[in-house]
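what follows is a predicted structure for the sequence shown.
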Amino acid sequence: MSEDVTGRVALVTGATDGIGELTARRLAADGATVLVHGRNPGKVERVVEMIRGDGGDAQGVVADLAAVARVRRLADTVLERTPRLDILINNAGVGDPRGPRRESDDGHELHFAVNALAPVLLTRLLSDLLADTARSRGEARVVMVASAAQSPIDFDDPQLRHGYDGMLAYAQSKLALVMATIELAERLQSRGVIVNALHPGTLLDTKMVREGFGRAHGPAADGAEAEVHLATASALAGVTGHYFDRFERAEPAVQARDPQARRRLMDLIRQLTGAG
């Protein structure tokens, strides 16, 4: 069921195809002004024009999230573009379960960089804007798009420099995002910022799934529905620091429930990005 989000501003990362694009279009159709993020300027403009053609309000923001400096520039652009931010959906991600180990521009394992470091850093950089918005309307929401694929982090080799496996790298990065979600929720709750993690659905029809796994098992629209619900549902007001499997609260992997492991992760993220 749609919620009225008229007057709200939402940033959706990875919004140029698949679940992210459908999420951005749905939020715009429901009345939000949407900041459409992507790496490719042409693709960003296509989605922006599509939303505007449907009568919605959208702007494009371009950034490659595989570099800390570019994530910081994205945050600066958002702060310049809008005086408020009600919804941040960290949807962008990478998944290459069969490929070789790759690194970001900063020399970090690519899954860890894009799926964990970038969304945590972006959330931290935009936290003051989110908190300022929350003061005017009660709360602001952050959705971290994680996965049911979750593997514990080996803190002796968190970036898998030894014994690399693509599926393990993906699953570790997604558990790291869930762990960071819990920590950020605790830190931001008093400021009215709600932070939750989401498994949008298993092997939905996205480019990443088709390229990495061969075929999809469900429509991307199912994932968009789950993202929009977590970002807007009035029934979830005040609900923070949880992992959701689509529409239901679920238990994440055991390591996410270990406060010491979560703090160790946040220390690592702070070391690698300057914020955590």
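Here it is on my side, so go on. Numbering: from 1, shown residues only.

which stretches of the stretch 101-250 of the chain form strands?
In the stretch 101-250 of the chain, strands defined by DSSP state E, counting those that start in this stretch lie at 140-145, 193-199, 243-245, 248-250, listed in chain order.

tabulate those in a markdown table, adding columns for mean neighbour count, mean pLDDT and distance to Pro119.
Heads up, the C-betas are built off the backbone N, CA and C, glycines and all. Supplementary listing: those in a markdown table, determined by neighbours: other Cβ atoms under 10 Å; pLDDT from 0 to 100; distance: least, Cβ to Cβ, whole Å:
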| stretch | mean neighbour count | mean pLDDT | distance to Pro119 |
| --- | --- | --- | --- |
| strand 140-145 | 28 | 98 | 6 |
| strand 193-199 | 26 | 97 | 10 |
| strand 243-245 | 21 | 97 | 14 |
| strand 248-250 | 11 | 97 | 19 |
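
out of the ones you listed, which is closest to Asp165?
Distances from Asp165 to each of those were compared using Cβ to Cβ; the shortest belongs to strand 193-199, at 20.6 Å.

okay, the angle between that closest one and strand 140-145?
Between the axis of strand 193-199 and that of strand 140-145 there is an angle of 20 degrees, by axes from the mean of the first three to the mean of the last three Cα atoms, to 10 degrees.

for strand 193-199, which strands pair with it and how are they oriented?
The pairing partners recorded for strand 193-199 under DSSP bridges are strand 140-145 (parallel), strand 243-245 (parallel).

skipping adjacent residues, who's closest to Asp157 in space?
Nearest residue to Asp157 in three dimensions, chain neighbours excluded: Gly163, at 7.9 Å (Cβ to Cβ, 6 or more residues apart in numbering).

do you know the pLDDT at the one you found?
At Gly163, the predicted lDDT confidence score is 93.

go through the strands paired with strand 193-199 and name the closest to Gln59.
Of all the strands paired with strand 193-199, strand 140-145 sits nearest to Gln59, with 18.3 Å by Cβ to Cβ.

gap between the closest one and the chain center?
A distance of 7 Å separates the C-alpha centroid of strand 140-145 from that of its chain, computed with Cα atoms, centre = their mean, to the nearest Å.
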